[in-house]
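J.: take this sequence and fold it.
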Amino acid sequence: ESAAIGGPDCDDLDPDIGPHASEHWYDGVDQDCDGADDDDADGDGSPVDEDCDDDDPDSHPGAAEQWYDGVDQDCDGNDSDADGDGIFGTAAGGVDCDDDDPDSYPGAPDPDDGVDQDCDGIPDDDSLGPGSLVLTELQLRAAPEGPWIELWSAHSSDRPLAGLTLRSDTATRVLPANAPVLAPGAHAVICGDAAAAAAAGLSCALVLEDWPWAPTGGDAIQIQADLRTLDSLRWSASWPLSDAVALQLDPAVLAGPSPDAANDSVGAWCPASTGGAPSLGTPGAANPPCP
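T.: Alright, predicted model coming up:
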């Protein structure tokens, strides 16, 4: 019946228009007589000229975006950059290590706050430079507790060690995410044999089972943040390295200028003469003055 006499047919002169007719969207004609706008096929309230997918009622301006699913639900042209910093998140194949934080992306400023804003795997590395960390004690030869080295922090705030690189002449080790955070003026002992260290009662801040340094002859240690060297040391067979005796940096070197450069000299080091069994040395604590 025609709408003119109270029926549902909104155009009783056109046999293709009626309650059971198929709607032909966007032609300006309401074929199915439902009174709905002819420009909103999915019925989500957004006309086709605003709706990026007018066949999906869950896609329209203002919809909740489901990130990284390949669908642009809110029609803003972005399904890959949740924090809007211009860098795609890693879940979308990009390089933004924290796509919930617009201040975290490759190349971002990375201040001392315990967060890796620049996505290089090294938290707080803007302030790292030569002498931020210094090698202060070495046990490189045979010892009951296994090999170990000691680092000292000259940093003015807590220094995460995660992501830093240790290099020798033949190996490279990137310190893992569980590497300790070193307080200002604190020491950290990095060991090469967990079982031996535990048996000897040595407390290790970190264990590198695949020890990168040669036990005899010469080698080198470099501590790096990206390609910036914080401290480096090269020794030869002529250095006073002994089994079960640590080599200690004279604490006067740490009180002087540029300790990272001053510790390059063999004269800045001496064999340990104090310390607990089974080996001589003071791992994790300040060294006594050299004779």
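J.: hang on, residue 188 in a helix?
T.: No: secondary structure of residue 188, determined by DSSP: H, G, I helix; E, B strand; the rest coil: strand, with no helix assignment.
J.: from residue 243, how far out is it?
T.: Going from residue 188 to residue 243 by CB to CB, to the nearest Å gives 24 Å. C-betas here are computed from N, CA, C, even on glycine.
J.: between these two, which one's more packed in?
T.: residue 188 (23 against 12; other CB atoms under 10 Å).
J.: so what's the more buried one bridging to?
T.: residue 151 (DSSP bridges).
J.: who are the contact partners of it?
T.: Counting by CB atoms under 8 Å, 6 or more residues apart in numbering, residue 188 makes contact with 150, 151, 153, 161, 180, 182, 205, 206, 284.
J.: how about 7 Å then?
T.: Residues near residue 188 by CB atoms under 7 Å, 6 or more residues apart in numbering: 151, 161, 180, 182, 205.
J.: same question, residue 106
T.: 87, 95, 118, 119.
J.: closest one of these to residue 275?
T.: The shortest gap between residue 275 and any of the contacts of residue 106 belongs to residue 118, at 40.0 Å (CB to CB).
J.: the closest one contacts residue 108, correct?
T.: Yes: proximity of residue 118 to residue 108 meets the contact threshold set by CB atoms under 7 Å, at 4.8 Å.
J.: what's the local residue count around residue 94?
T.: 16.
J.: same check, this time on residue 66
T.: By other CB under 10 Å, the residues close to residue 66 number 13.
J.: next one: residue 143
T.: When counting by other CB under 10 Å, one arrives at 25 neighbours for residue 143.
J.: pull up the pairing partners for the least confident helix or strand in the chain by mean pLDDT, direction included.
T.: Least confident element among the helices and strands of the chain, by mean pLDDT, DSSP states H and E: strand 159-160 (a mean of 89). Its sheet considered, strand 159-160 pairs with strand 181-182 (antiparallel) by DSSP bridges.
J.: which residues are in contact with the strand it pairs with?
T.: For strand 181-182, contacts defined as CB under 7 Å, 6+ apart pick out 153, 158, 159, 160, 161, 188.
J.: residue 255 versus the fifth one, what's the distance?
T.: Between residue 161 and residue 255 the computed distance is 23 Å (CB to CB).
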